[in-house]
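K.L.:
return a 3D structure for these sequence lines:
(2 chains)
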Amino acid sequence: MTNNLGAPADPDGLLVDLHALRAKARHDRNGYWLPLLVFGVAILAAPLAYRPLVLPIGFAGGEVPQDYGPQLRVAGVLWAPFTQYSTNDFFDFGNLMGIAAYWLTLVIIGPLLTLAWYHWRARRVGVAGRTGTYLVYTLLSLIAYSGFYPVLWWMFAHSQWFGGHRSDVALLSIGVLAIGLTLAAVAALPGRRGLPMSLPRKVIVGVGMVMAIAGAAAIGFCATFPPLHTFGPLMIISIGLLALAWSERSWLCTTIAVLFTAAAVLANLYDMEDVFTRFGQSIYRPGQLVVFDNLLLPGAVLVLGGVVGWLVTRRRPA
Amino acid sequence: MIEPLDGERADHPTTDLDEVVHQRHRLGILTIAAETRQAEFGYLREALDLTAGNLSRHITVLAEAGLLDIHKGYQGRRPRTWVRITPAGQAALAREMATLRALLSRHDND
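P.N.:
Residues are numbered from 1 along each chain as shown, chains lettered A, B, ... in the order given. Modelled structure (predicted):
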């Protein structure tokens, strides 16, 4: 890179040169496009993991034979921990544990591949980004979604209000997510001018992110009840991508992560297939196509974001 | 700290300049290191357009002042040196940038 750091200059010139150096380091460090692309393609490919239910010959009605995986009894409530990573469309799909394995692999292996990618890239380019934040928040989100589930189930089973006002719980969850993210963003933004973040600001960011994680986990929980579809893993991915965007200090990555979060909330709390039926598609759509209808928007946001991010990172900073 | 000249007011922004940091290339090293978790020697040399000897001297000065940590390792058989900014380094860089901005503001107002 050509720079003027060797030549004498006024403070203005020096600040301009340092600003250019900071932009170059930030640009060279950014590698978010590949995780966006990988998660996007994996989300769009997810319907392939949903196999139609084939009833055994001679099935005479009654309980549909399904493999719900291991089941635990928590405070008197029967809980099948893997079904929250699967689907609640028990009558459409016959491989619940296969679906759970797909999503669990994505939310566990995806972040590990992301870290491996950043590690490889740092050795190749010569600058390493701060990926610890991404790992911590993804892990917290995974734990929250897995751990909150029996608590919320118990509340749902034992509280009349909670059980009778599912849409209120969903709205409350969206509110907690939005307030948490706003709090974290407002506290984090002033620290972006090269100044180390003060402890109170770090605490506010942490509190905001914990609220966001709780809200995201609760949205995932609400989506496990029909007629909604179970796409809680999208919320885990969205929290991870928001943390990645913050580590990357990239407005483009932040925009994509926010858009993806909105699309993930929609996929969880709204029947996206309704949009397709309104445009003339048949209401009697195969289950796999309904899954695709719901995953199309979040998957497309990430794939398009990954492609745009790749094009931007190929350009040298001005 | 740079001592104020006779007649220079003690509150002039230049009195806040840090001799260790207030050097263009060292500021460049700290700026890149602050923007990353760690930066490699070869990357810094290219970005700052410095010879290996010059860069090494600047990094040694900053490390001895506690503003940078140096990590040596290997990538395959090739030795690699990585530098990481310390909290003291981040604070020193932030002070220096604030001083430069204050100088600029004073210069504009004169």
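
K.L.:
how about the residue of the stretch 101-250 of chain A found nearest chain B, nearest residue that isn't a chain neighbour?
P.N.:
Using Cβ to the nearest Cβ, the single residue of the stretch 101-250 of chain A nearest to chain B is A:Gly126, 2.9 Å away. Yep, even glycine has a C-beta here, placed from its N, CA and C like the rest. In this structure, A:Gly126 finds its nearest non-sequential neighbour in B:Tyr43, 2.9 Å apart by Cβ to Cβ, 6 or more residues apart in numbering or on different chains.

K.L.:
likewise for A:Leu142?
P.N.:
Using Cβ to Cβ, 6+ apart, the closest residue to A:Leu142 is A:Ile236 (5.5 Å).

K.L.:
pretty sure the one you found is in a strand, no?
P.N.:
No. Secondary structure of A:Ile236 (DSSP: H, G, I helix; E, B strand; the rest coil): helix, not part of a strand.

K.L.:
surely it and A:Leu140 touch.
P.N.:
No. Using Cβ atoms under 8 Å as the test, A:Ile236 is too far from A:Leu140 to be in contact (9.6 Å).

K.L.:
look up phi and psi at the residue nearest to A:Gly126.
P.N.:
The phi/psi pair for B:Tyr43 (degrees, to the nearest 10) reads phi -60, psi -40.

K.L.:
and the residue nearest to A:Leu142, what does it touch?
P.N.:
A:Val107, A:Thr138, A:Ser141, A:Leu142, A:Tyr145, A:Ala216, A:Gly220 (Cβ atoms under 8 Å, 6 or more residues apart in numbering or on different chains).

K.L.:
need the max-distance pair from the residues you listed.
P.N.:
A:Thr138 and A:Gly220 (14.2 Å; Cβ to Cβ).

K.L.:
higher neighbour count, those two?
P.N.:
A:Gly220 (29 against 25; other Cβ atoms under 10 Å in any protein chain shown).

K.L.:
still on that earlier bit, does the residue of the stretch 101-250 of chain A closest to chain B touch B:Gly42 like I think?
P.N.:
Yes. The pair A:Gly126 / B:Gly42 is scored as a contact, 5.7 Å apart, by Cβ under 8 Å.

K.L.:
and these two? which has more neighbours close in?
P.N.:
Higher neighbour count among A:Gly126 and B:Gly42: A:Gly126, with 24 against 14, using other Cβ under 10 Å.

K.L.:
in the helix or strand harbouring B:Glu46, what counts as buried?
P.N.:
Using DSSP states H and E, B:Glu46 maps to helix B:41-48. For helix B:41-48, the neighbour count (16 or more other Cβ atoms under 10 Å in any protein chain shown) marks B:Phe41, B:Tyr43, B:Leu44, B:Arg45, B:Ala47, B:Leu48 as buried.

K.L.:
which residue packs closest to the last one, ignoring adjacent ones?
P.N.:
What it means is B:Leu48. B:Gly28 (4.9 Å).

K.L.:
now the helix or strand hosting the one you found - C-alpha only, PDB.
P.N.:
B:Gly28 is located in helix B:24-35, with elements delineated by DSSP H and E. The C-alpha trace of helix B:24-35 is given here as PDB (Å, rounded to 0.1, in the frame of the first residue of the first chain):
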ATOM      1  CA  ARG B  24       4.100   8.600  12.300                       C
ATOM      2  CA  HIS B  25       5.100   4.900  11.800                       C
ATOM      3  CA  ARG B  26       4.500   4.000  15.400                       C
ATOM      4  CA  LEU B  27       1.000   5.600  15.200                       C
ATOM      5  CA  GLY B  28       0.500   3.600  12.000                       C
ATOM      6  CA  ILE B  29       1.500   0.300  13.800                       C
ATOM      7  CA  LEU B  30      -0.800   1.100  16.700                       C
ATOM      8  CA  THR B  31      -3.700   2.100  14.400                       C
ATOM      9  CA  ILE B  32      -3.500  -1.200  12.500                       C
ATOM     10  CA  ALA B  33      -3.100  -3.300  15.700                       C
ATOM     11  CA  ALA B  34      -6.100  -1.500  17.300                       C
ATOM     12  CA  GLU B  35      -8.300  -2.400  14.400                       C
END
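
K.L.:
that one - contacts with which helices or strands?
P.N.:
helix A:11-29, helix B:41-48, helix B:52-64, strand B:68-75, strand B:78-85, helix B:87-109 (3 or more Cβ pairs under 8 Å, 6 or more residues apart in numbering or on different chains; DSSP states H and E).

K.L.:
ok, residues contacting the fourth one?
P.N.:
This points to strand B:68-75. A:123, B:29-30, B:33, B:38, B:59, B:62-63, B:79-86, B:89.

K.L.:
show the buried residues in these.
P.N.:
Here, 16+ other Cβ under 10 Å leaves B:Ile29, B:Leu30, B:Ala33, B:Gln38, B:Ile59, B:Leu62, B:Thr81, B:Trp82, B:Val83, B:Ile85, B:Thr86, B:Gly89 buried among the contacts of strand B:68-75.

K.L.:
that'll do, ta.
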